[in-house]
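# Fold the following, please.
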Amino acid sequence: MSNALQRDLTRLVRRIEREDGPRAAADPFRQRFHLMPPVGWLNDPNGLCRCGEWYHVFYQYGPFDPTGGVKMWGHYRSRDLLHWEQLPTMLYPDQPWDIHGVYSGSALVEDGTLYLYYTGNVKHAGDYDYITAGRGHNTALAVSRDGVTVESNELLLENRDYPSDLTCHVRDPKVWAQDGKYYMVLGARTRDDRGELLVYESTDKRSWTHINTLTTPEKFGYMWECPDLFCLDGQWFLQCSPQGVKQQGNRFQNVYTCGYFPLYGDFRGEYTLGEFQEMDCGFDFYAPQTFLDGDRRVLIGWMGMPDAPYTNPTVEQGWQHCLTVPCLLRRDGDRLLRTPAPEIDALRGAQVAPEDAQVFDMVCRTENAGRLVIRGSAVIEWEAGQLRLTLDGGGEGRTVRVASVDTVETLRVLADTSSLEVFINGGEQVLSTRYYPAPYLHGVTIFGAEAELWEMGSLQITEQQDVE
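Predicted structure coming up:
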């Protein structure tokens with residue numbers, strides 16, 4: 001399925017990837033083992049799934065502007081989470097209901113077919129605030145049988161189909177099958193600036209009925225983006241990215257937060273939400289999405305933060321942002337633990353001395369208090385009650401983030417060229433952060449811990465322009 005606008009956009013994207021790709025690829029801040037855009041901008045992971053032998057990772061892609069611009073769905077696929085194919089852009093803003101951007105969404109896999117649910121963004125011309133008026137956030141469905149090309153695209157819901165007390169901001173459908181039916185959650189913002197999630201039900205994947213609304217008794221932010229609702233070991237969790245939550249001590253330190261509520265009862269009827277838990281305490285983590293891989297619940301997030309008061313220096317080389325490594329979620333009571341997928345271990349090379357480390361995987365065992373200095377640019381220090389990450393010389397103006405934790409017994413640090421992912425006590429807390437040390441800097445200084453370090457290899461990425 002294609003139209004004239006899609007064909008023009010396809011040619012433009014291919015040309016800019018061909019012309020600007022070499023400059024982006026030569027940037028010394030390009031990552032080795034994280035997925036990035038070939039050029040331009042990347043944000044939310046979309047449509048994460050496994051279909052047959054393939055893992056699919058779609059992402060918000062703005063190839064024309066490394067600071068944002070019009071959004072579409074970029075596409076990678078892999079059989080093993082290590083060897084990736086960069087496929088042609090999957091969804092373009094080429095329909096009346098998505099003409100100003102193909103926004104975030106999810107994938108439903110059924111009988112080898114991908115059903116890609118997404119938000120189509122339309123901004124009407126005029127003197128609008130684009131919150132209460134002037135914006136269309138449309139729920140749409142694109143279908144792909146080969147996992148590479150789209151054979152149909154249709155509009156399912158418009159703003160007039162959502163509850164009347166909402167603003168224009170209703171987006172990011174997450175869809176799954178359960179009990180012989182299909183369910184969808186959408187993030188929403190009410191006219192009195194309260195964040196909530198809408199629950200829809202369907203019997204045919206296309207006609208949807210609003211059956212419930214999930215929210216907190218007291219206002220908790222004004223918009224709940226990128227919702228995800230799943231059951232893990234018998235406990236339901238409602239994951240989302242609330243906007244407008246004020247900082248409370250060491251909680252909610254970023255401009256926006258993301259995390260989860262344990263959900264008790266039935267999301268389709270009577271329910272209660274437990275205490276909200278943040279999923280990450282670093283500078284750069286937002287809009288995570290999960291999917292089922294057999295009996296594993298896999299999570300990938302955007303290693304970035306919308307509206308943060310800084311810009312990556314990579315913009316000068318024509319690209320910005322990356323995704324986190326794939327992680328597994330495990331349940332610990334009403335909490336979720338997050339750890340790197342074991343496939344990542346295959347990227348470990350030879351063990352490396354701390355003074356020689358630059359791109360590495362490090363496992364530390366510690367007691368009481370300790371300190372790491374990484375490439376002269378990031379300091380991780382801990383004592384009873386907290387772990388502190390300080391960026392010194394590579395933070396682009398960003399300084400400190402703190403994770404509250406009773407004691408630090410183990411640390412795992414994944415250090416790529418321009419990022420750190422710090423997993424505390426087997427994923428009890430995580431800090432994900434971009435940082436930008438001078439390319440020649442290397443070495444880790446370790447105090448109060450025993451550590452093993454491995455040099456990390458690179459993901460293998462090939463480009464496929466035309467796939468049968």
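
# top strand in this structure by residue count?
Across the chain, the longest stretch assigned as strand under DSSP state E is strand 360-374.

# Number of residues surrounding the closest residue to residue 80 other than its chain neighbours?
The spatially closest residue to residue 80, leaving aside those adjacent along the chain, is residue 343, at 6.3 Å (C-beta to C-beta, 6 or more residues apart in numbering). For the C-beta atoms, the positions are set from N, CA and C on the backbone; glycine is no exception. When neighbours are defined as other C-beta atoms under 10 Å, residue 343 has 15 of them.

# how about the CA coordinates for the helix or strand hosting residue 455, as PDB?
Take DSSP states H and E as the rule and residue 455 turns out to sit in strand 444-456. Listed next in PDB are the C-alpha coordinates belonging to strand 444-456 (Å, rounded to 0.1, in the frame of the first residue of the first chain):
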ATOM      1  CA  VAL A 444      37.800   3.400  36.000                       C
ATOM      2  CA  THR A 445      39.000   4.200  39.600                       C
ATOM      3  CA  ILE A 446      37.400   1.900  42.200                       C
ATOM      4  CA  PHE A 447      37.100   2.500  45.900                       C
ATOM      5  CA  GLY A 448      35.300   0.200  48.400                       C
ATOM      6  CA  ALA A 449      34.400  -2.600  45.900                       C
ATOM      7  CA  GLU A 450      35.700  -5.600  44.100                       C
ATOM      8  CA  ALA A 451      35.000  -5.500  40.400                       C
ATOM      9  CA  GLU A 452      35.300  -7.500  37.200                       C
ATOM     10  CA  LEU A 453      35.300  -5.700  33.900                       C
ATOM     11  CA  TRP A 454      34.900  -6.900  30.300                       C
ATOM     12  CA  GLU A 455      35.400  -5.000  27.100                       C
ATOM     13  CA  MET A 456      32.200  -4.800  25.200                       C
END
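
# Which SSE is immediately downstream of it?
Per DSSP H and E, the first helix or strand lying C-terminal to strand 444-456 is strand 460-463.

# what is the rounded mean pLDDT of stretch 161-169?
Mean pLDDT, computed over stretch 161-169, is 98.

# how far does stretch 426-437 stretch from start to finish?
Using C-alpha to C-alpha, to the nearest Å, the end-to-end distance of stretch 426-437 comes out at 27 Å.

# Need the mean per-residue confidence for that stretch.
Mean pLDDT, stretch 426-437: 98.

# about what we covered before: the strand holding residue 455 - contacts with which helices or strands?
strand 348-351, strand 360-374, strand 410-416 (3 or more C-beta pairs under 8 Å, 6 or more residues apart in numbering; DSSP states H and E).

# for it, the distance to its chain's centre please.
Taking C-alpha atoms, centre = their mean, to the nearest Å, the mean C-alpha location of strand 444-456 is offset from the chain mean by 28 Å.

# Which positions within it qualify as buried?
Of all the residues in strand 444-456, those buried under the rule 16 or more other C-beta atoms under 10 Å are 444, 446, 448, 449, 451, 453, 454, 455, 456.

# Next: stretch 98-111.
Buried residues in stretch 98-111, counted by 16+ other C-beta under 10 Å: 98, 99, 101, 102, 103, 104, 105, 106, 107, 108, 109.

# tell me the contacts of the nearest residue to residue 123 once chain neighbours are set aside?
Once flanking residues are discounted, residue 123 sits nearest to residue 100: 4.9 Å by C-beta to C-beta, 6+ apart. Neighbour list for residue 100: 70, 93, 121, 122, 123 [criterion: C-beta atoms under 8 Å, 6 or more residues apart in numbering].

# Good, wrapping up.
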